[in-house]
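In: next one to model:
(4 chains)
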2 protein chains.
Amino acid sequence: MPTSKTQPVIAATEGAQRALILTRAARLFRKKGFERTTVKEIAQACEMLPGSLYYRYKTKEELLVDLMRYGIEDVMQDVLASFEQTEDPSEQLRYCINAHLRALVSDSDLIFVLLFEWRALGGEAQSDIIALRDDYERLWSDILEAMVQEGVLKPDVDLKLLRLVGIGSLNWVATWYDPEGPYDLDQIGGFLWRIIVDALLAGGARGAPS
Amino acid sequence: MPTSKTQPVIAATEGAQRALILTRAARLFRKKGFERTTVKEIAQACEMLPGSLYYRYKTKEELLVDLMRYGIEDVMQDVLASFEQTEDPSEQLRYCINAHLRALVSDSDLIFVLLFEWRALGGEAQSDIIALRDDYERLWSDILEAMVQEGVLKPDVDLKLLRLVGIGSLNWVATWYDPEGPYDLDQIGGFLWRIIVDALLAGGARGAPS
DNA sequence: GTCTATACTCTGATAGAC
DNA sequence: GTCTATCAGAGTATAGAC
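Out: Numbering: from 1, shown residues only, chains lettered A, B, ... in the order given. Next up, the predicted model:
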C-alpha cells in the first residue's frame, strides 16, 4: 500500500472500531438500560474482554458520553442533509421529521440511548450532552422560523412550544414503534406533519391564536 | 377514640405509610433513576432503615412495581374525574389533557417513574405493568372515539395514531417542563388541544385525508 | 414493625504480562 | 492493543434481637 494512503486507512479502521463498540453498546443500553448493562457484557458483544475496553475508555460513563456525542452528530448530519434536499419550507419540515424518525428507530440505537439515559450521567458530563442537545434543537428552531418567514406558518404561532411538543411526539415514537407493526415511519411522520400544517398554516380559516 | 372508627383509621395510616414510601421513592427514582438509587437512600428518605423497608417489600423491584401500580391508579382516577366534569366531547378532551399533564409533573413523581423506568422491571413484572398501561391508553381511545361519534373529529382520522402521537407529546413534557419556566400546564395543554381540534375538526376546510 | 449486624454477590476498574 | 488475574467497594437482601 502506498504510504500516502496509510494514514486515512488507519483512521478509518479506528473509526470503524469505535462505531462498532458504540453501536453494540447502544443496543445493550437500549434493551437493559445503562446501569444494568455490565462492562463484561459490552466487551462480550464486541468480542473482546473487559480489560480491552478500558484501553479505549477510562470509565463506563466515558463510553456513554462518547456514544451520545456520536449519536447526536449522526442525527444532526441526517437532518441537515434532509433539510438541504429541497427549498420548499413545508417539504423541508416533512423531510426533517422523517430523518429524525429514521435516526430514532434505525438499527443504531444511539439516539434512543441519548434520549433516555441522560440521567445516568453525572453533573458535568450531563451539562455537556445537554448543550449538544440544545444545538440540535436550535436546528429545529431555525427550520420552523424559516417556515414562518416564508409564510407557511402563521406568524403568531408559539414556535418554542411547537418545537417542544413536536419533538416530544417524535421522540416518544421510539417507545412504541414496531417495525413489524401497522405503521411505517413515513406514515407516522406524515401524520404529524399534516396536523401541524393543517392547524398552523398561514391564512387558516380557523384557529384564532387567542 | 371510639372503637368503630379504629379499623378505618388503621387502614388510613397504613395507606398513608405506603403513599409516603412510594412518593419518596418516586422522587429519588425520578432524579437518579431506579438502579442508581440505593435501598439505603430510600429508607433514609422515609426516615427508617433498610431492614424496615424489607418488611414491606420483599425486593427493591417489588417496591417499584407497587409504585407504578399506585401511580397508574392515580392518573386513571384523575383523568376519569376530569372526563366526567362535562358532557361536551371537545371540552372533555381538553380536561383530560390537563389532568394527564398535572399527574405528570405534580409533586408526586409516580407517573414519571412509570413512564421512564419500566425497563428496570424483569419479564413478568414488565408485562403486568404494560397491561395496566394498556388499560389507561384504552381510556384515551374511548375519549377520542366519542369525539368522532359526536361529530367533533373527522370520521376518517386514524385514532390510534392520534392517540399515540398525542400521548407521546404529553409524556415528553415531563422531560422539559419547568414550574419556574415560561409555560404553565394550561398553556401547554391548550396548545396541543387547539392543534388537534384545528387540524382534525369535522368539516374542516383543509386536510383531505390523503 | 423497626433496628442491628452481616453475608454474599457482582461490578467497575487496575496492574502488568504478552 | 488485547488478555489475565484480581481487588476494593458497593449494594441487595437476610437473620434475629428488641
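In: flag the shaky bits of chain A, pLDDT-wise.
Out: Chain A contains residues with pLDDT under 70 at A:1-12, A:107, A:203-210.
In: so which residue of it comes closest to DNA strand D?
Out: DNA strand D sits closest to A:Gly51 of chain A, with a gap of 2.7 Å, by CB to the nearest atom of the strand. No exception for glycine: its C-beta is placed from N, CA and C like everyone else's.
In: ok, residues contacting the helix or strand where that residue lies?
Out: If you go by DSSP states H and E, A:Gly51 is part of helix A:50-56. For helix A:50-56, contacts defined as CB atoms under 8 Å, 6 or more residues apart in numbering or on different chains pick out A:Arg18, A:Ile21, A:Val39, A:Lys40, A:Ile42, A:Ala43, A:Cys46, A:Leu63.
In: of the residues you listed, which is the nearest to DNA strand C?
Out: Nearest member of those to DNA strand C, counting by CB to the nearest atom of the strand, is A:Val39, at 3.6 Å.
In: and that closest one, how many residues sit next to it?
Out: Using other CB atoms under 10 Å in any protein chain shown, A:Val39 is surrounded by 17 other residues.
In: the helix holding A:Gly51 and DNA strand C, any residue contact?
Out: Yes: using CB under 7 Å from any atom of the strand, helix A:50-56 comes into contact with DNA strand C via A:Pro50, A:Gly51, A:Tyr54.
In: just the CA trace of that helix, in CSV.
Out: The C-alpha trace of helix A:50-56 is given here as CSV (Å, rounded to 0.1, in the frame of the first residue of the first chain):
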residue,chain,number,x,y,z
PRO,A,50,-13.3,-6.0,29.8
GLY,A,51,-9.7,-5.0,30.1
SER,A,52,-9.6,-4.2,26.4
LEU,A,53,-12.5,-1.8,26.6
TYR,A,54,-10.7,0.1,29.4
TYR,A,55,-7.9,0.7,26.9
ARG,A,56,-10.3,2.9,25.0
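In: mind listing what's buried in the very next helix or strand once past that helix?
Out: Following helix A:50-56 in sequence order, the next helix or strand is helix A:60-83 (DSSP H and E). Using 16 or more other CB atoms under 10 Å in any protein chain shown as the test for burial, helix A:60-83 gives A:60, A:63-72, A:74-76, A:78-79, A:82-83.
In: over to stretch A:45-59?
Out: Residues of stretch A:45-59 classed as buried by neighbour count (16+ other CB under 10 Å): A:Ala45, A:Cys46, A:Leu53, A:Tyr57.
In: how about the residues of chain A that lie near DNA strand D?
Out: A:Glu14, A:Gln17, A:Ala43, A:Met48, A:Leu49, A:Pro50, A:Gly51, A:Ser52, A:Tyr55, A:Arg56.
In: now do the residue of chain A closest to DNA strand D against chain B, distance only.
Out: According to CB to the nearest CB, to the nearest Å, A:Gly51 stands 24 Å off from chain B.
In: how near is that residue to A:Gln44?
Out: 13 Å (CB to CB, to the nearest Å).
In: mind listing the helices for chain A?
Out: Assigned by DSSP state H, chain A shows helices spanning A:3-32, A:39-45, A:50-56, A:60-83, A:89-105, A:110-116, A:123-149, A:159-176, A:185-200.
In: give me the neighbour count for A:Thr86.
Out: The burial count for A:Thr86: 12, using other CB under 10 Å.
In: got it, and A:Pro182?
Out: 9.
In: A:Asp198 now?
Out: A:Asp198, neighbours per other CB under 10 Å, totals 21.
In: interface residues of chain A facing DNA strand C?
Out: A:Glu35, A:Thr37, A:Thr38, A:Val39, A:Lys40, A:Pro50, A:Gly51, A:Tyr54, A:Lys58, A:Thr59, A:Lys60, A:Glu61.
In: touching, the first one and B:Thr37? I think so.
Out: Translated: A:Glu35. No: in this structure A:Glu35 lies outside contact range of B:Thr37 using CB atoms under 8 Å: 10.2 Å.
In: between these two, which has more neighbouring residues?
Out: B:Thr37 (20 against 15).
In: how about stretch A:121-130: buried residues?
Out: Using 16+ other CB under 10 Å as the test for burial, stretch A:121-130 gives A:Leu121, A:Ala125, A:Ile129.
In: next: stretch A:85-102.
Out: A:89-90, A:92-102.
In: next: stretch A:163-180.
Out: Buried residues in stretch A:163-180 (16+ other CB under 10 Å): A:163-175, A:177.
In: same deal with stretch A:131-139?
Out: A:Leu132, A:Tyr136.
In: ok, and what's touching that stretch?
Out: A:Met68, A:Arg69, A:Ile72, A:Val75, A:Met76, A:Val79, A:Leu80, A:Leu114, A:Arg163, A:Ile167.
In: nearest residue to the third one in space, please, no chain neighbours.
Out: This means A:Ile72. A:Leu132 (4.9 Å; CB to CB, 6 or more residues apart in numbering or on different chains).
In: what do you get for the last one?
Out: By the measure of CB to CB, 6+ apart, the closest residue to A:Ile167 outside its immediate chain neighbours is A:Trp140, 6.5 Å from it.
In: touching, that neighbour and A:Ala99? I think so.
Out: No: judged on CB under 8 Å, A:Trp140 makes no contact with A:Ala99 at a distance of 11.2 Å.
In: before we move on, the earlier item: could you identify the most distant pair in the residues of chain A next to DNA strand D?
Out: A:Glu14 and A:Pro50 (20.2 Å; CB to CB).
In: go ahead and confirm A:Tyr95 touches A:Glu87.
Out: No: applying CB under 8 Å, one finds A:Tyr95 not in contact with A:Glu87, separated by 11.4 Å.
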